[in-house]
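# When you get a sec, could you give me coordinates for this:
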Amino acid sequence: MAMRASAAVATALADDGRTIVRRLASAPPLTLRQTGPYSVHLISTAAGPLGGDRLALDLYVAPRTTLELGSVAATLVLPGDGESELLVTARVGAGATLRFAPEPTVLAAGCAHRLLVRLALEADANVFWREEIVFGRHGERPGRCHARFDATRDGLPLLRQEFTVGDPALDASPAVYGTARCVGTTFLTTCAKEPALGDGVAVLPLAGSGTLVSALATDAVQLRTRLEWGEHTATTTPQ
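Coordinates of the predicted model:
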């Protein structure tokens, strides 16, 4: 039976200037636990997402507050009855900071998944947003995933990106993924001065404010290493 579940996190600014987590709402498999003054982790309390599941995560970072969101383990997307979906909506207030860095999403053979991100930033908001996708478990072909990322600042488009994994015609193309088994991106509001290229990774300044780091790799460890190189390059480039 398909699941309909939603979870939410919201911060607030205390009188003494500290960040407090004022709202923490969960529903399996999206279970949230506060793990620090302004850090929250996703803890899987059910298998999935499974085909047909519709999951939603809503984040609100109040002005001048900080939220760090991670996960304790990778997310395994499994086949089921139809397509699964995870919609992440995030609003980051003026002068607020959001770090979104969950563990990788693994596309099990036969799954069909949509990953949708809608990120809205106000003036002077700071964001670090990392996504990592692994093409199937060891020795298996990946399921299918369509991922879309939409970011705006003060209502104006900042980044629109989408890609598909699990289409044999695309996956095998040397112009797309080649022999890679993982793909990852990091969006940062930090503005790199110039583009930079490394082994399997690119650091691309955006036309507006921000930087996109994109990487391909043969496994999740190599992918994380390449993304971290790109993130470090973007944040240490002279502004």
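# Could you use CA atoms for every contact and neighbour count after this?
Fine.
# Quick one: mean pLDDT over the longest helix anywhere in the chain.
Taking DSSP state H as the criterion, the chain has its longest helix at helix 220-236. Mean pLDDT, helix 220-236: 96.
# Could you tell me which other helices and strands that helix packs against?
Judged by 3 or more Cα pairs under 8 Å, 6 or more residues apart in numbering; DSSP states H and E, helix 220-236 is in contact with strand 182-188, strand 196-198, strand 201-205, strand 211-217.
# Turn these into TSV, columns for mean pLDDT, distance to Ser44 and mean neighbour count.
Formatted as TSV, the entries for these read as follows, by pLDDT from 0 to 100; distance: least, Cα to Cα, whole Å; neighbours: other Cα atoms under 10 Å:
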stretch	mean pLDDT	distance to Ser44	mean neighbour count
strand 182-188	96	21	23
strand 196-198	96	34	14
strand 201-205	96	30	23
strand 211-217	97	26	26
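# Just put those in CSV and tack on distance to Ala14.
Formatted as CSV, these follow (distance: least, Cα to Cα, whole Å):
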stretch, distance to Ala14
strand 182-188, 26
strand 196-198, 40
strand 201-205, 35
strand 211-217, 31
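# right, and these - which one's nearest Gly70?
For Gly70, the closest of those is strand 182-188, at 14.0 Å, according to Cα to Cα.
# confidence score at the residue nearest the centre of the chain?
By Cα atoms, centre = their mean, the chain has its centre lying nearest to Glu131, at 3.6 Å. If you check Glu131, the pLDDT there is 97.
# contacting residues for it?
101-102, 104, 184-186 (Cα atoms under 8 Å, 6 or more residues apart in numbering).
# ok, and the closest non-adjacent residue to Thr190?
Gly210 (5.2 Å; Cα to Cα, 6 or more residues apart in numbering).
# do the same with Pro102
The shortest distance from Pro102 to any non-neighbouring residue, by Cα to Cα, 6+ apart, is to Gly70 (4.1 Å).
# where does the one you found sit relative to Thr31, distance-wise?
To Thr31, Gly70 is 12 Å away according to Cα to Cα, to the nearest Å.
# any residues in contact with both of those two?
Joint contacts of Gly70 and Thr31 (Cα under 8 Å, 6+ apart) are Leu42.
# quick one: least confident helix or strand in this structure?
helix 168-171 (a mean of 74; mean pLDDT, DSSP states H and E).
# List the buried residues of it.
Across helix 168-171, burial judged by 16 or more other Cα atoms under 10 Å covers Asp171.
# Kindly report the same for stretch 13-23.
Residues 13, 19-21 are the ones in stretch 13-23 that count as buried (16+ other Cα under 10 Å).
# which outside residues touch stretch 34-47?
Contact with stretch 34-47 is made by 19-21, 28-33, 66-73, 76, 102, as judged by Cα under 8 Å, 6+ apart.
# how long is it from one end to the other?
So stretch 34-47: terminal residues 21 Å apart, Cα to Cα.
# List the buried residues in that stretch.
For stretch 34-47, burial by neighbour count (16+ other Cα under 10 Å) applies to 38-44.
# do the same with stretch 84-96
84-96.
# hmm, which two among the residues you listed are most spread apart?
Among those, the pair separated by the greatest distance (Cα to Cα) is Ser84 and Gly95, at 34.4 Å.
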